[in-house]
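1. Have a look at this fold, sequence not included:
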């Protein structure tokens, strides 16, 4: 049976080509798609072989589209945009009472999930679907109704509909140090934990936190760096050092004694947490009810004292 679209290339070549054509850079296309520059180059070579024409003029530091490349780039961009629009339309028609909440992974694990059972018991007609992630809102690719993240992370221009206070402080297992037992000088020389920040992030790190609370001494050995903040929390729970954390995701761990604050100092961010409404999702009653519940939960006092 003859194929329906005999001229189509391997579909895996189209996104790398579109990104490279838009950026006029294989390197930036690779960064956007989380691929290697060599992989981008291979996909585009495969596409050029398929169409029988060079699509880029390759220079030493940059690339330019050929005339055929420009024509194909316009067609591919239109086609991918149509597909994206069609999928977004399908996703937007979610079942009644179904609310997608995009949320920082640590907040989902340590703050929201323990509260969801009571919410669903009180609201049996609503279902909150969590889309937990370690990436900032600026990298969101899937549709969502509401999103929660630290307000100093890139938000991609989404509109804030609610903010809440956040408090940042050191934390550790009681096996490492007792609550309030350390001075800042002690803290500076003990093993500290941290995590890798993604491009564009502006999390408050150890150096910034120490400056904010007025410490002028030198920090000791570099902090042990983990690939994400939730992994840092788990390392602290295992007694591997002292982490720097955000109260919203740690309050319940403090309440049951799994973690303590080894020093009394902390930094308050009056608008440290932000809630966003998803674009083009409508002002439906289900989303409004979940938002009202989140506002009530976020109004509760932070469970860590000065």
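-> That came through, no problem. Treat the numbers as computed from the prediction; the structure is a model and nothing was measured.
2. now the helices for the stretch 101-250 of the chain?
-> Shown for the stretch 101-250 of the chain, the helices assigned by DSSP state H, counting those that start in this stretch span residues 105-107, 113-122, 184-189, 206-212, 229-237, 247-255.
3. would a markdown table of the ones you listed with mean neighbour count and distance to residue 165 be doable?
-> Every residue, glycine included, has its C-beta placed from N, CA and C. Output for the helices of the stretch 101-250 of the chain, formatted as a markdown table (neighbours: other CB atoms under 10 Å; distance: least, CB to CB, whole Å):
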| stretch | mean neighbour count | distance to residue 165 |
| --- | --- | --- |
| helix 105-107 | 21 | 14 |
| helix 113-122 | 12 | 18 |
| helix 184-189 | 16 | 23 |
| helix 206-212 | 16 | 15 |
| helix 229-237 | 21 | 19 |
| helix 247-255 | 20 | 9 |
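4. Residue 36: which of those is closest?
-> Shortest separation from residue 36 across the helices of the stretch 101-250 of the chain is recorded for helix 229-237, at 24.6 Å, computed as CB to CB.
5. which helices and strands sit right next to the closest one?
-> helix 105-107, strand 193-195, strand 224-226, strand 243-246, helix 247-255 (3 or more CB pairs under 8 Å, 6 or more residues apart in numbering; DSSP states H and E).
6. want to throw those into CSV with distance to residue 81 and mean pLDDT?
-> Putting these into CSV (distance: least, CB to CB, whole Å; pLDDT from 0 to 100) gives the following:
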stretch, distance to residue 81, mean pLDDT
helix 105-107, 30, 92
strand 193-195, 36, 92
strand 224-226, 38, 90
strand 243-246, 37, 94
helix 247-255, 37, 89
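7. Turn these into CSV, including distance to residue 52.
-> Written out in CSV, the entries for these read as follows (distance: least, CB to CB, whole Å):
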stretch, distance to residue 52
helix 105-107, 46
strand 193-195, 48
strand 224-226, 48
strand 243-246, 55
helix 247-255, 55
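8. any idea of the pLDDT on residue 280?
-> The per-residue pLDDT reported for residue 280 equals 63.
9. er, residue 202 actually
-> The score at residue 202 is 78. That number is its pLDDT.
10. Dihedrals phi and psi, it?
-> Phi and psi for residue 202, reported as degrees, to the nearest 10, are phi -140, psi 40.
11. Can you get me a residue count around the nearest residue to it once chain neighbours are set aside?
-> Once its chain neighbours are removed from consideration, residue 202 has its nearest residue in residue 152; the separation is 4.3 Å (CB to CB, 6 or more residues apart in numbering). The local packing of residue 152 (other CB atoms under 10 Å) involves 17 other residues.
12. Please tell me I have it right and residue 152 contacts residue 205.
-> No: between residue 152 and residue 205 no contact is recorded; they are 11.3 Å apart, counting by CB atoms under 8 Å.
13. residues of whichever strand or helix holds residue 40 that come out buried?
-> Here residue 40 is covered by helix 37-51, with elements defined by DSSP states H and E. Along helix 37-51, the positions that meet the burial threshold by neighbour count (16 or more other CB atoms under 10 Å) are 40, 41, 43, 44, 47, 48.
14. Which secondary structure elements does the helix or strand just after that helix sit against?
-> Using DSSP H and E, the helix or strand that follows helix 37-51 in sequence is strand 56-58. Helices and strands touching strand 56-58, as assessed by 3+ CB pairs under 8 Å, 6+ apart, comprise strand 63-65.
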